[in-house]
Structures are given as C-alpha cells and as structure tokens.
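Peer 1: attaching a predicted model along with its sequence, questions to come.
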Amino acid sequence: MLTLLRCPFLSAALLPLALLLPAAAEEPEAEAPPGDAPPPAETTFTVKKAPLRIEVSLDGVFESRALHEISLRPQEWKDLAVLEAVSHGARVRKGDVLIALDLRSIDEAIRDLEAGLELSALELKESELELEWLESSLPLDLEDARHAAAKADEDLLRFLKVELEMLRKRADWRLKSSESSLEYNLEE
C-alpha cells in the first residue's frame, strides 16, 4: 500500500479533491418556492488540528530508471530452448548468468562442422601434394611421350621404306610357291 507521504506528486494531485469532499457531502439546497418554508439553518464544522492522511491502494509495478533490455535474436539457429532465466526486475551483477540455454543441438552441429572442416583441410593437403607430384612428373611424362612419338615416326618410316617392300616380296614369293604347289597337286 502506498501512502501519500511517500508519493508527494500523488498527494499534491489529491489534496484539492480532499478539500472539496466535505463540501460535496452536504445536501444541495433545493430551491424552495418563495414564501414556503423558512431557509434551513446552516451547518457549521469544527476544525481541529490533526495530521491529514490520505491513503490510496493502487496496483502497479516499479521500474528502475537504469533499466536495460536484454534480447536474444539468433539469425541462424532458431531452435534454442531456454533452461533457466533471471526473473524480470531481478538485480544482477557482472558475471551473473542471465539466461541458460539448451545448447546440445548447436554444439553437435558445431562439432560436425569442425570435423567436416578438418576433413576438408586433409583433402586440400592431399590435393596439394598430388599437384606437386604431377608438376614434377609432368615434364618427365612429356619427354617420354615425345620420345615415344619420335620412335613411332622412325618405325613408320622404316616400315614404309624397308619392311613394306620386303613383306610384298615375301607375299609374292608365297603366292608363287602356293601356285606351284597347286599346279603340282593338280597334275598328280
């Protein structure tokens, strides 16, 4: 219950009302038609010296002048569950826990992402090593390919110049030999 002595602004607003209440409590004088009854006698009040005390019961909430709103609006993780929170209007000090959240699901997601990051780092390292190996072996492979192409060109020239003619001669000789053998077999 609030007393007016504790709330000076409220007592200043209600004081004129308190002074007007006794005057309003009197019966209003009804105008009597002229010549009827005599006017009633005026009532007098005795004023004695005593403290003036006006009490009013009000429902309300007191807020601190140094009120600070704390809000949590996660942009990426929406399914956080509140386990415990400081009650509204409670006095807190530096280092006090204001809100306790269930972080198991986000911790698990972070662990999965960190494991994926480590795996990606290993794959990157493996790819870098493979690139180094390819860069070092590529000139050797290129030289081998040039050497093989040169040898294939030499083999083709040798085949066209020498071996092709020899194959033709050998095929002609076999043909003649087969014809001779056929003639002999036909004669017999």
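Peer 2: Good, I have the coordinates. Remember, predicted model here, so these are calculated numbers, not experimental data.
Peer 1: please make it C-alpha for all contacts and neighbour counts, starting now.
Peer 2: OK.
Peer 1: and the pLDDT at the most centrally placed residue in the chain?
Peer 2: The geometric centre of the chain, computed from its C-alpha atoms, lies nearest to E76 (CA atoms, centre = their mean), at 1.3 Å. Here, the pLDDT recorded for E76 equals 77.
Peer 1: okay, and V47 sits in which element?
Peer 2: Using DSSP states H and E, V47 is not contained in any helix or strand.
Peer 1: burial measure for it, as a count.
Peer 2: Summarising burial for V47: neighbours were counted as other CA atoms under 10 Å, giving 6.
Peer 1: how about W77: what's its closest non-neighbour residue?
Peer 2: Residue nearest to W77 in three dimensions, not counting chain neighbours: I106, with 7.5 Å by CA to CA, 6 or more residues apart in numbering.
Peer 1: check the one you found and give its pLDDT.
Peer 2: pLDDT recorded at I106 is 87.
Peer 1: return the distance of it relative to L186.
Peer 2: From I106 over to L186 the distance is 98 Å, taken as CA to CA, to the nearest Å.
Peer 1: those two - which one has more neighbours?
Peer 2: Looking at I106 and L186 with other CA under 10 Å, you find the greater number of neighbours at I106, namely 14 against 8.
Peer 1: next one: phi and psi at the more buried one?
Peer 2: Main-chain dihedrals, I106, degrees, to the nearest 10: phi -70, psi -30.
Peer 1: cool, L83 as well?
Peer 2: Backbone torsions for L83, taken as degrees, to the nearest 10, come to phi -90, psi -40.
Peer 1: wait, isn't it in contact with L103?
Peer 2: No. Counting by CA atoms under 8 Å, no contact exists between L83 and L103, whose distance comes to 9.7 Å.
Peer 1: the two: who's more crowded?
Peer 2: L103 (14 against 10).
Peer 1: mind checking the end-to-end distance for stretch 88-98?
Peer 2: 10 Å.
Peer 1: pLDDT on it, on average?
Peer 2: Computed over stretch 88-98, the average pLDDT equals 85.
Peer 1: now stretch 173-188: how far from the chain's centre is it?
Peer 2: With CA atoms, centre = their mean, to the nearest Å as the basis, the distance from the averaged C-alpha position of stretch 173-188 to the chain average is 94 Å.
Peer 1: quick one: mean pLDDT over that stretch.
Peer 2: The average pLDDT for stretch 173-188 rounds to 90.
Peer 1: for the chain, which spans come out with low pLDDT?
Peer 2: Scanning the chain for pLDDT under 70 picks out 1-40.
Peer 1: mind redoing it with 80?
Peer 2: Low-confidence segments of the chain, defined by pLDDT under 80, are located at 1-41, 61-70, 72, 74-79, 88-89, 188.
Peer 1: all helices of it, in order?
Peer 2: Using DSSP state H, the helices of the chain run over 8-25, 104-158, 164-187.
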